[in-house]
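A.B. asks: with the sequence up front, the predicted model follows.
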Amino acid sequence: MKFPTRPVVLGLLALGFSALILSRAQAGGGHYYPPVADSVVKEECGSCHLAFPPSMLPASSWKRMMGELDKHFGDDASVDPEAARKITAYLVANAGDTGGQRYGGKLLRGVDPATAPQRITTLPKWVREHREVQDWEWRHKDVRSKANCTACHADAELGYYED
């Protein structure tokens, strides 16, 4: 019996890996949001919390949030003006109602971008998806906040928010 050559085996492995990744993205369908790909956003936002995918909010929410960094959910998250400009540009370009529509549309369905909240955790779909989580679970020492996605979604940093 003749075995396949090394290039054929490597090609089959690459094809299998690609199929696995593609099927995972499709399986995560309603629960996949492309993670932040910009290094400045990752560094500045990710230094305090998960750098949330921009497609989870509309551009208007990101603009408001970036314009109020001195009172960012009770903290002063101010950054230098150039970093703020770059972060805002990235978030707006990839927001759920602009470049990230393919993904954000499911989370933002029925939300008016002009009055959309800044908290992802107050979006109607987010609330529906988490309605079975008990109040005490949010207060657990390993969770502590509804915004701590990685406490329950192990692959949140990769964009997967499945159970």
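C.D. replies: That came through, no problem. Nothing here was measured: the structure is a model prediction, and the numbers come from that model. Numbers count the residues shown, from 1 in each chain.
A.B. asks: neighbours around residue 70, how many?
C.D. replies: By the criterion of other C-beta atoms under 10 Å, residue 70 has 9 neighbours. C-betas here are computed from N, CA, C, even on glycine.
A.B. asks: quick one: the strands in this structure?
C.D. replies: Counting by DSSP state E, the chain has no strands at all.
A.B. asks: confidence-wise, which helix or strand of it is lowest on average?
C.D. replies: Taking mean pLDDT, DSSP states H and E as the measure, the helix or strand of the chain with the lowest value is helix 6-27, at a mean of 51.
A.B. asks: residue contacts, residue 5?
C.D. replies: Taking C-beta atoms under 8 Å, 6 or more residues apart in numbering as the definition of contact, residue 5 has no neighbours.
A.B. asks: for this structure, which segments count as helices?
C.D. replies: 6-27, 39-46, 59-67, 81-93, 101-108, 124-129, 135-138 (DSSP state H).
A.B. asks: flag the shaky bits of this structure, pLDDT-wise.
C.D. replies: 1-4, 6-30 (pLDDT under 70).
A.B. asks: spatially central residue in it, please.
C.D. replies: When C-alpha atoms, centre = their mean is applied to the chain, the residue found nearest the centroid is residue 53 (2.7 Å).
A.B. asks: which residue comes closest to that residue once chain neighbours are left out?
C.D. replies: Leaving aside its sequence neighbours, residue 53 sits nearest to residue 33 (C-beta to C-beta, 6 or more residues apart in numbering; 3.7 Å).
A.B. asks: from residue 114, how far off is that neighbour?
C.D. replies: 22 Å (C-beta to C-beta, to the nearest Å).
A.B. asks: and these two? Which one has more around it.
C.D. replies: residue 33 (24 against 8).
A.B. asks: OK, contacts around that one?
C.D. replies: With C-beta under 8 Å, 6+ apart, residue 33 has these contacts: 53, 55, 56, 100, 103, 104, 107, 159, 161.
A.B. asks: for residue 73, same thing?
C.D. replies: residue 119.
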